[in-house]
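J.: Have a look; sequence and predicted model below, questions after that.
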Amino acid sequence: MKPKAKPKAKEKPNAGKSRSKLLHQYYKYTGFYSFVWKSVLKALPYIIILVAAVFVFNHFFSINNILVRMTETLPIWGVLGVFFVSETLLGLVPPEIFIAWAAKMDMPWLFLSFLGFISYFGGLISYWIGIAITKIPVVHNYLEVKMAKQLKNSKKWGGFLIVVGALLPLPFSISCMAAGIIEYPFKGVILFGSLRLLRFAIYGLILFQVF
């Protein structure tokens, strides 16, 4: 009698797929793309209003000139203090203005390092501000009742949120504050937020060649 052939092992459904395809499949199945799209649509009206307000203000009062004059007239500790407040509360002042200021100093890389760490720690403080916001009864009830599903999804992608805020030209403070609101683990904020230092190093390499 011929020996029975061994049954073929079942191939895994994801066998042979690249890491990027598997990641895309995971994001698709978990609803990441639809979540991001809906979040962007909800935030779009506020972004448009903010940009319009900044545009109108800049039309009558040059924001760039105000910031440049500030860096020229304030003492070193004053400029660093303003930057710390900005990076802790919403981070709406472009850090490039301060990097350009650092470029004019006698030790530009030293002051760039100060700015990078100030921005990083400002983001960490923003995280705890976000945590504090969730302690407000009205906000807490709203998040627990009406935003429970969105918060559950957001916690999955909190690291992505921090990385985007750290590396891209978006307010890092807002990303960290949002991470606090969704109660993303603080260890993750410390780890992913450290990429903020990389962004300052890259910007320094670029802007220091110009100024």
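T.: Yep, it's here.

J.: Next secondary structure after the helix or strand hosting residue 175?
T.: Per DSSP states H and E, residue 175 falls inside helix 172-181. Per DSSP H and E, the first helix or strand lying C-terminal to helix 172-181 is helix 186-193.

J.: what element comes up after that following helix heading to the C-terminus?
T.: Counting by DSSP H and E, the element after helix 186-193 in chain order, helix or strand, is helix 195-207.

J.: Give me the contacts around that next one.
T.: Helix 195-207 has contacts (CB atoms under 8 Å, 6 or more residues apart in numbering) with 95-96, 99-100, 102-103, 108-109, 112-113, 115-117, 119-120, 123, 162-163, 166-167, 172. Yep, even glycine has a C-beta here, placed from its N, CA and C like the rest.

J.: re earlier: what comes into contact with the helix holding residue 175?
T.: Outside helix 172-181, the residues touching it (CB under 8 Å, 6+ apart) are 86-91, 119, 122-124, 126-134, 143, 154, 158, 161-162, 164-166, 188-189, 193, 196.

J.: Nearest residue to residue 196 in space, please, no chain neighbours.
T.: Nearest residue to residue 196, sequence neighbours excluded (CB to CB, 6 or more residues apart in numbering): residue 166, at 4.3 Å.

J.: Give the burial count for residue 102, as a bare number.
T.: 28 (other CB atoms under 10 Å).

J.: Once you drop chain neighbours, what's closest to it?
T.: Nearest to residue 102 is residue 111, by CB to CB, 6+ apart, at 3.9 Å.

J.: Contacts only, for the one you found.
T.: Counted by CB under 8 Å, 6+ apart, residue 111 has contacts 76, 101, 102, 105.

J.: Let me know the distance separating the first one from residue 200.
T.: As defined by CB to CB, to the nearest Å, residue 76 lies at a distance of 17 Å from residue 200.

J.: Okay then, goodbye and thanks.
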